[in-house]
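A.B. asks: Show me how the following folds:
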Amino acid sequence: EVQLVESGGGMVQPGGSLRLSCAGSGFTFSSRDMSWVRQAPGKGPEWVSGINAGGTSTDYIDAVKGRFTISRDNGKNTLYLQMISLKPDDTALYYCATTRTGWGDWGQGTQVTVSS
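C.D. replies: I've put the predicted structure just below:
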């Protein structure tokens with residue numbers, strides 16, 4: 001059974017930073033492309049970033065380019081999203097997904113709130 005556990009969310013002021021983690025189990029983590037998806041209150045899911053299985057290729061939506069960095073540690077079966085210069089528009093529930101495009105299995109999510 002695929003299990004994904006996100007953590008690292010919280011409340012920060014605009015301009016702040018957070019690092020999200022996603023621990024995967026029940027599948028061969030190192031063989032799967034992965035991604036981060038977010039859902040803001042009252043809106044549909046939005047793909048944020050994707051990474052290939054080896055961690056050598058990444059993609060981002062324009063809104064987060066230069067501010068977010070996706071990475072992974074296949075030895076720890078963990079996916080990361082480093083977020084800097086956070087904005088109120090980044091407020092959302094963030095999920096990791098077991099494909100590069102945001103489809104597949106998701107975890108339960110971790111809440112990120114950016115507010116002064």
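
A.B. asks: I'd assumed residue 24 was in a strand, is it?
C.D. replies: Yes - counting by DSSP: H, G, I helix; E, B strand; the rest coil, residue 24 falls inside a strand.

A.B. asks: Distance of the closest residue to it other than its chain neighbours relative to residue 3?
C.D. replies: Counting by CB to CB, 6 or more residues apart in numbering, residue 24 lies nearest to residue 77, which is 4.9 Å off, once chain neighbours are set aside. Every residue, glycine included, has its C-beta placed from N, CA and C. Distance of residue 77 to residue 3, computed by CB to CB, to the nearest Å: 10 Å.

A.B. asks: Comparing the two, which residue is more hemmed in?
C.D. replies: Ranked by neighbour count (other CB atoms under 10 Å), residue 77 and residue 3 place residue 77 first, with 16 against 12.

A.B. asks: My guess is the more buried one contacts residue 25. True?
C.D. replies: Yes - the pair residue 77 / residue 25 is scored as a contact, 6.5 Å apart, by CB atoms under 8 Å.

A.B. asks: export stretch 43-58 as PDB, just CAs?
C.D. replies: Taking C-alpha atoms only, stretch 43-58 is exported to PDB below (Å, rounded to 0.1, in the frame of the first residue of the first chain):
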ATOM      1  CA  LYS A  43      -9.800  26.600  -5.400                       C
ATOM      2  CA  GLY A  44      -9.000  23.400  -7.300                       C
ATOM      3  CA  PRO A  45      -5.700  21.600  -7.100                       C
ATOM      4  CA  GLU A  46      -2.700  23.200  -8.700                       C
ATOM      5  CA  TRP A  47       0.500  21.400  -9.700                       C
ATOM      6  CA  VAL A  48       3.500  23.200  -8.300                       C
ATOM      7  CA  SER A  49       6.600  21.200  -9.200                       C
ATOM      8  CA  GLY A  50       7.800  17.900 -10.400                       C
ATOM      9  CA  ILE A  51      11.100  15.900 -10.300                       C
ATOM     10  CA  ASN A  52      12.300  12.800 -12.100                       C
ATOM     11  CA  ALA A  53      13.200   9.600 -10.300                       C
ATOM     12  CA  GLY A  54      16.900  10.300 -10.200                       C
ATOM     13  CA  GLY A  55      16.500  13.900  -9.100                       C
ATOM     14  CA  THR A  56      18.300  15.300 -12.100                       C
ATOM     15  CA  SER A  57      15.400  17.000 -13.800                       C
ATOM     16  CA  THR A  58      12.800  19.400 -12.300                       C
END
